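1. using only what follows, build the 3D model:
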Amino acid sequence: MPPTSVLVTGATGFAGSHLIDLLASSAVTISAWHRPNGAPTTRAPGVRWQPVDLRDRQAVASALAEVRPDHVYHCAGASHVGESWRTATATFVTNVQGTHHLVECIRTLGLKTRLLVPSSALVYTTQTAPLREDSPIGPSSPYGVSKLAQELVATDDPQALHVSIARAFNHIGPRQSPAFVASAFARRIAVIEAGGAPRELRVGNLDARRDLTDVRDTVRAYRLIVEQGRPGRVYNVCSGEAISVRDLLDMLLARARVPIAVTVDPALYRPNDNPIVVGDSSRLREETGWQPSIPIERTLDDLLEYWRQQTPTTSGTL
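-> Presented below is the predicted three-dimensional model:
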């Protein structure tokens, strides 16, 4: 039976906001939860925005009892790998305790809900071959450990809840925080074009290779997993191809409206940065029919245009 009520946690976040856009095109009631100090980042019609602190179990229980959703997309969480080394406690509280509260409240209320928990490719051990869902587990960062714990919390009772896990690889696109490399490059280029900074980019490791998917393809996979995925099952969400950070930067610089110099700064390197992360999404493709449809060229065009629109023009040139 098609859902009549859908809940998206973390609805003001990167993936969450694009998921809201996707779901708003269907005839469902959408509840969009965000942090109490947050604000909607998209104005899709028919969406009920609600501040809910996932760290507050009673607040989660009360909000869930009111909404009683058929489908839940749990997009809320701490998402930055590098920052997790400095904010390990906050990362675990948000990703693990917040998920525990959501799962326990769904169970306590007896809701017949399909729950999607987006996890991460960083729960796997480092390897050069494409990662499959049965590849060895071994996260190497506080963020990766928190996502693995989140998975375990969500699937500890597979008979009681219909939970699917989406292990998302790197996804990029408009609205992404500049704390992430593609968005950081695009934002800096837009600022330079507007005359707001010298024509130089300082960068870290350019040799790392990452499996990149447009965020709009990623959230389309989330919906298919909720609708067609098996309970207790893990699905990789990825393109199956890896691109180097160097090539990504070159593609963005080719779109810049002014010449920009590049300086490599070893201080910007991450600890324990995996040389390559690439996935195998055969399970997702075979069981749901999902295919990535947005080429990297369009993703970068849209990302750069997003930051151009966000960047005020500065008089004069630098």
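
2. adjacent strands (with direction) for whichever strand or helix holds W33?
-> Assigned by DSSP states H and E, W33 belongs to strand 29-34. Here strand 29-34 has these sheet partners by DSSP bridges: strand 5-9 (parallel), strand 47-51 (parallel).

3. so for that strand, what gets flagged as buried?
-> Applying a neighbour-count criterion of 16 or more other C-beta atoms under 10 Å, the buried positions in strand 29-34 are 30-34. Yep, even glycine has a C-beta here, placed from its N, CA and C like the rest.

4. got it, and stretch 54-72?
-> Those buried within stretch 54-72 under the rule 16+ other C-beta under 10 Å are 54, 57, 59-61, 63-64, 67-72.

5. in a strand, that's where N274 is, yeah?
-> No: if the criterion is DSSP: H, G, I helix; E, B strand; the rest coil, then N274 is coil and not within a strand.

6. that one and E193, how far apart?
-> 32 Å (C-beta to C-beta, to the nearest Å).

7. could you export stretch 114-122 as PDB, CA atoms only?
-> C-alpha atoms of stretch 114-122 as PDB (Å, rounded to 0.1, in the frame of the first residue of the first chain):
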ATOM      1  CA  ARG A 114       9.300   1.400   7.100                       C
ATOM      2  CA  LEU A 115      12.600   3.000   8.300                       C
ATOM      3  CA  LEU A 116      15.600   3.900   6.200                       C
ATOM      4  CA  VAL A 117      18.900   4.700   8.000                       C
ATOM      5  CA  PRO A 118      21.500   6.200   5.700                       C
ATOM      6  CA  SER A 119      24.900   4.900   6.700                       C
ATOM      7  CA  SER A 120      28.300   5.400   5.100                       C
ATOM      8  CA  ALA A 121      30.900   3.600   3.000                       C
ATOM      9  CA  LEU A 122      33.300   4.500   5.800                       C
END
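
8. between the buried residues of strand 29-34, which is closest to L109?
-> Each of the buried residues of strand 29-34 was scored against L109 by C-beta to C-beta, and S31 proved nearest at 14.5 Å.

9. for the closest one, what are its contacts?
-> Applying C-beta atoms under 8 Å, 6 or more residues apart in numbering, we find S31 in contact with 5-8, 47-48, 50, 63, 67, 69.

10. what's the distance between the strand holding W33 and the middle of its chain?
-> 17 Å (C-alpha atoms, centre = their mean, to the nearest Å).

11. how about A184, nearest residue that isn't a chain neighbour?
-> Leaving aside its sequence neighbours, A184 sits nearest to P178 (C-beta to C-beta, 6 or more residues apart in numbering; 4.6 Å).

12. re earlier: between the strands paired with strand 29-34, which one is closest to L161.
-> strand 5-9 (14.2 Å).

13. after the closest one comes which helix or strand?
-> helix 14-23.

14. which parts of the stretch 101-250 of the chain are helices?
-> Applying DSSP state H, counting those that start in this stretch to the stretch 101-250 of the chain gives helices spanning 142-154, 181-193, 215-228, 245-253.

15. residues contacting the longest one, please?
-> So that's helix 215-228. 14-15, 18-19, 22-23, 71, 73, 114, 116, 118, 164, 166, 168, 171-176, 235, 237, 284, 287-290, 292-294.

16. which parts of this structure are strands?
-> 5-9, 29-34, 47-51, 71-74, 114-120, 162-168, 170-172, 200-203, 209-214, 234-237, 242-244, 261-264, 276-277 (DSSP state E).

17. the fifth one versus helix 142-154: what angle between them?
-> I take that to be strand 114-120. Here strand 114-120 runs at an angle of 160 degrees relative to helix 142-154 (axes from the mean of the first three to the mean of the last three C-alpha atoms, to 10 degrees).
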